[in-house]
Each structure stands twice: as C-alpha cells, then as structure tokens.
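J.: Got a sequence here, can you build the structure:
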Amino acid sequence: MRLDETCFTVIAVKTLNDSQANAEVVEVACVKIRNLRVTERYQALLNPGVLLPEDFTRQTGIYPADVFEQPVLEMRLPEIARFIDRDMIIWTHLPRNGNALYRHFRLTQPREKELFLRTLAEHALPDLSRHTLPALADYFRLPESNPVRAEATAETAAELFLRLLETLQAEHGIETIVDLLAFCPAPKKDTRRSKRNLPFDRERLRHYPTAPGVYFMKNRLGEILYVGKAKNLRSRLRSYFQSQSKLAPKIAAMMKQVAMIDVIRVGSELEALLLEARLIKLHRPFFNKKVKEYQGMVFMKVSLNEPWPRVSVAIETDDPGAAYFGPFPRKTGLEHRLEILNRIFKLRSCTDSVFKEHRESPCMQFHLGLCSGPCAGKIGQEDYRDSVDDFIAYLEQKPSRAIEHLISKRDAYTEELMFEKAALVHGQLEALEQLQFRSYGFIRAIEEHNCLIVLPDAEPDSVRLLSVLQGQPDEWRSFRPRQDSVAELETLIRDLCEKRPAQKDSARATTIPKALFEEARLLSQWLAQASADEGQAIYLKHKTPEQVLGELLDILPNFLGSGDLPASVSMDLTVSPDDSDEIDNADWEREWASGGSAQSGSGYI
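T.: Coordinates of the predicted model:
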C-alpha cells in the first residue's frame, strides 16, 4: 500500500514521572493522518489515581480538579481504540513513557503496524547528533509549541512525521509501507515475550476492593470477554497475573486480550453468584461456557393434567399442568433411563394420536413389557394412577410401593429357591438404585423453597434481603435499620407471603424456565450448604407474616455488627398460636436436606 493511501495515528502521552516505566498517564493525545495530511484530533485527560504533585501542576497547568472526575486509563481505552481504528500507530516516545498504554496496543496491534518517531528519524537523518522532538523541530524549523502537554506534542510529532516521510521519499525513493518498514525495522527488544507484558497494567490491581463481587474482563474495544465472581475481588484478579505457564491455555489466551477490568462490589458471595449467572446470560461472553452447557439440558416430563399421564422428554418446562424432573445433560441418556424405568413402572410414552389408534389392541411397547396398555384397557385408571404416583415418588427419592413390591418379590423368589428369577428382580432393583443416584431431583427439591434470605450488604449498617419464591430469586431489597422504617419490612413480608403458592397448588405445578435455571440451582445449593455467617434463610412454610417479621428482627443484629437494633425498629407483634402441623425452621431445613438437595452430575460450578 502506498504511503499516501495509508492512515496513520500519532500518539503522545503525558505522565507524572517520565523516568518511571509504569508512570501514571494523565493525558493522551492522538492525531490522525490521511492522504499525508492531518485530518482528525483526539485529546483526553485521565485520572492517574494519585494526587498530582505541585511541580507537575506548575509545569503543565493541569490541576487536581481537572482530573478528579475523569475516568482512569482503562475506561478510556475503548474510546482511544475506536479513534485509532486500523491505522498504523506512530509512537512519539520510546516504550518507557506511557508504559500501560504502550503495552496495551503493543499486544493488540500487529507488530508491523507501529513505528517509533525517534527510530525513524535516526534512520532518515543519521548525521543529526540528537533525535529528540525539540532537536527535530529545530532541524525542520517548526514553530515552538508547549512540549509539556500531550496535545502539543502530538501536533508537533505529526508534522515531524510528515517532514520525515518527505525526506525519505526524496532521498531514498520510499513510496510504500513495505519500503518504510524495511528501511526502519522494529527495535530488537520484543517486550511481548515478557510474562508480565500484558495489555492490562497489573499495577492497577492494588486499587480493587477486597470485598465480594463480580468482575468483567474486557478487550481494548470494551467487549466483555469473561464474567466471573469472587469472594475477594483483589485476590481473585491477582491470580490471573501469575506466570503464564501456570494458567490454563484458555485463560492465558484470554489474558493476552484483557485491556481493562471492571468490577461490581456486593456484600455477599451469594449475591455475587446470582449476579454472575444473570450477567453471563445477558452478555454471553466468549470465554464463559455455562450458557452453552445449559442450552443442551433436557427434562423428564409427566403430564399430570391428562386422564392417562404420559412420560416424555422435554426441552423446556413450560407446561404448568405437568411435573418436571431434571435437568439431564443428554437426551439420549435420558431416553435410555426412561426405558429402564418403564420396565418397572410401565407408564405410556406414546403421543395422544398413537394412544387413540390402539383402543382395540395395545402397541408393541405393551408386548415388550414397557407399558401397561392403558390404551386398550389392560389396566384400570385407578391402578394406573397408582403407578404414576409410585413413579413420581421414586424420582422424588421417597418410598415407593413399586420398590417395596420388587423387594418382596425378590425375597419370595429366594425363599422358593427360584434364584434365576430372584437375580432378575435384584438386577432391576440395582438398576433403579443406580438411576436414582444419578437422577437430579433439582426441580422437585426447590419447589418449596419459599423464603426470605438475609445477607450482608456492601454498605455499612445495612443488610440485603432476597425474597425467594419456588426456588427462584424474586426481589432484592436493601434495608438500613437506623434510617428505614420497619413498616417497609412489614410490607415486603406481607407481599411475599401473599405471593407464595398454597401447598396444594405447589405440589406438582412448578415450572422453571431454562433461562433461570442457573440461578435456581445456585440458590438450592446455597440453602443446603451455607453457614449462618454467610446469611440466614427464614422459611415461609406454615408461618404468618407476623412470625416471619419477628424472626427477621431477631436476625438483623447479627449482620450489623454494632449490637442491638435502635429502639425505633420495634413493633407490637401479634403472633398467632402455633398450628398443630407447624414445622420448626430447623426441622424444616433438615426435612428439606433429607428430601434431596440440588445435585449436579455435570460439574457445573
């Protein structure tokens, strides 16, 4: 490509201490050259993260108030990258100055798309004793400018670059980029090979908080590469900057693109977990794989709203009249399990149209022992419903009459010395035990997770309240006992209790969209494993709003760290007499845990 057809961008920076390799950048200026003419300019002040020295202000005229509300360099990088676009970069100084900015574009731009003005001048004007910007400006008789500001330096450097190109064209016949690069080779030292030479300046890590939160890994264009969560943000981010040989290959590849890291600070690890899951679904980053994994999950469906319930494989949980079980990682694996289960429970899996076609004689499934033949009247509706109940009880990991019947049958064969038949029945029991161990009682386990979770907040003297309905996050609320009225809590709890499903309605009608699956799974695991220090859950089962509020007021001081609540946070609670069937909160937790917590056989953590 000819020089007059190439776009160049001259970059100049102003740092607090030009003698330091990682000096803080205060100002960035860029000048764009098209058709060998200056066409566009860019200039921005940056917050260096430290107080500006008086000498620096006296020299440059940049006051602390000028940069106090400005973004840091990492926040400006996408804007600078859009201005540069695909231009060849001309650096006004050697790499030492503006190191963070240099390292970023040094790793995100091809090596053949950068030149150093001083190196170019040394090759073009070998007889000149000095090749600094002031010396070159004096050589070409350019008007004086303010050399202490990046904007003026970029303007001067752009004019010097054009003068140098004229000299090279006249004296060396250089007309193309290939000729220019051959005439002025890159410096021998390749800083890209340094294990610490990453686009992101690791010195910025000390400014990140040590609190829980979510972090975003972004490239130079501001595109999100990865979303992660951490209990300690600073410690987690530092782990990415260890020796590249210790990182997984995909992580090492990602870090070569990371130019900025944004964080959202929260008060607890659970909030970070749920926020991470939601942000991954929202942004779908390239280096996150959870979304892709859950796209292939399938469920076992029992259509309870039909006279003769049918068992099938479902991709979504969108039928409120059906019971769902799962998730299962592969459709073929689930179909194989259904075939084994149908040898014991003998439920139909055919469609309604096939069911109607066999009113006179059952289909092949009946003859293979995989169905009880309800289509042809081979079983009564009441007995068939009993089989459905046994099937669901088995999937819920509860006692099943079918299992008890198989055990009795095996024992009877053994007593009659019919060992072959006893071995056959025993094999069926072993298959059921194996399937039960591998089946995920996830949806069934979280159906009755209606609770209010109390968590620490990122702000002092404040708590975070998360209302959970049927295992799914419903609403986040911050509460400051020393400022907010307790009436707000009462309203929140009454609304939550009104929205909770009645026990008779929630028995087999829970539907969880696949989009909310990761959040529901995380909540289920946290409720089963979390300690009191991480947060506490108040279950709503068999409790009035007054009882829930009373428990909440008892818990709140544990999360404030400063003794009892103020006297204003109190109210005359009218507690209803205990119901005969009421379950104590601790007993309910033990009952839930024994009924099967969320399991994940696919390693999604």
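
J.: The closest residue to residue 548 other than its chain neighbours: what's it in contact with?
T.: Once flanking residues are discounted, residue 548 sits nearest to residue 493: 5.0 Å by C-beta to C-beta, 6 or more residues apart in numbering. Just so you know, the C-beta spots here come from the backbone N, C-alpha and C atoms, and that holds for glycine as well. By C-beta atoms under 8 Å, 6 or more residues apart in numbering, residue 493 lies in contact with 452, 545, 548-549, 552.

J.: Look through this protein and tell me its longest helix.
T.: Assignment by DSSP state H gives helix 150-172 as the longest helix of the chain.

J.: returning to what we had before: in the helix or strand where the residue nearest to residue 548 lies, what counts as buried?
T.: For residue 493, the element it lies in under DSSP states H and E is helix 486-499. Going by neighbour count (16 or more other C-beta atoms under 10 Å), the buried part of helix 486-499 is 486, 489-490, 492-493, 496-497.

J.: go on, stretch 538-557?
T.: Of the residues in stretch 538-557, 538-541, 543-553, 555-556 count as buried by neighbour count, 16+ other C-beta under 10 Å.

J.: from the chain's centre, how far out does that stretch sit?
T.: 32 Å (C-alpha atoms, centre = their mean, to the nearest Å).

J.: how about residue 347, secondary structure?
T.: coil (DSSP: H, G, I helix; E, B strand; the rest coil).

J.: so what's residue 200 closest to, chain neighbours aside?
T.: Spatial nearest neighbour of residue 200, chain neighbours left out: residue 258 (5.1 Å); criterion: C-beta to C-beta, 6+ apart.

J.: Pretty sure the one you found sits against residue 225.
T.: Yes. If you go by C-beta atoms under 8 Å, residue 258 and residue 225 touch, sitting 6.5 Å apart.

J.: So for the two, which residues contact both of them?
T.: 217-219.

J.: From these, pick the one nearest residue 426.
T.: Closest approach to residue 426 among the shared contacts of residue 258 and residue 225 (C-beta to C-beta): residue 217, at 53.6 Å.

J.: Report the contact partners of that closest one.
T.: Neighbour list for residue 217: 224-228, 254, 258, 261, 285, 287 [criterion: C-beta under 8 Å, 6+ apart].

J.: Mind checking which of the residues you listed land in strands?
T.: Those of those mapping onto strands are 224-228, 261, per DSSP state E.

J.: Quick one: mean pLDDT over stretch 335-352.
T.: Stretch 335-352 carries an average pLDDT of 78.

J.: How about stretch 273-281?
T.: For stretch 273-281, mean pLDDT is 88.

J.: try stretch 204-218
T.: 90.

J.: Span of that stretch from start to end?
T.: 15 Å (C-alpha to C-alpha, to the nearest Å).

J.: quick one on the thing from earlier: any idea which of the buried residues of helix 486-499 is closest to residue 137?
T.: Distance to residue 137 across the buried residues of helix 486-499 (C-beta to C-beta) is lowest for residue 492, with 68.3 Å.

J.: what about the closest residue in space to the closest one that isn't next to it in sequence, which SS state?
T.: Leaving aside its chain neighbours, residue 492 sits nearest to residue 477 (6.1 Å; criterion: C-beta to C-beta, 6+ apart). Here residue 477 takes the strand state, with states given by three-state DSSP.

J.: hang on, the earlier thing: higher neighbour count, residue 258 and residue 225?
T.: Each of residue 258 and residue 225 has its neighbours counted (other C-beta atoms under 10 Å); residue 258 has more, 23 against 19.

J.: Quick check: the more buried one vs residue 207, distance?
T.: 16 Å (C-beta to C-beta, to the nearest Å).

J.: which residues does residue 476 bridge with?
T.: Note on residue 476: beta-bridge partners residue 466, judged by DSSP bridges.

J.: Return the residues in contact with it.
T.: For residue 476, the contact set (C-beta under 8 Å, 6+ apart) comprises 271, 464-466.

J.: and these, which two are the farthest apart?
T.: Checked with C-beta to C-beta, the contacts of residue 476 reach their widest spread between 271 and 465, with 10.9 Å between them.
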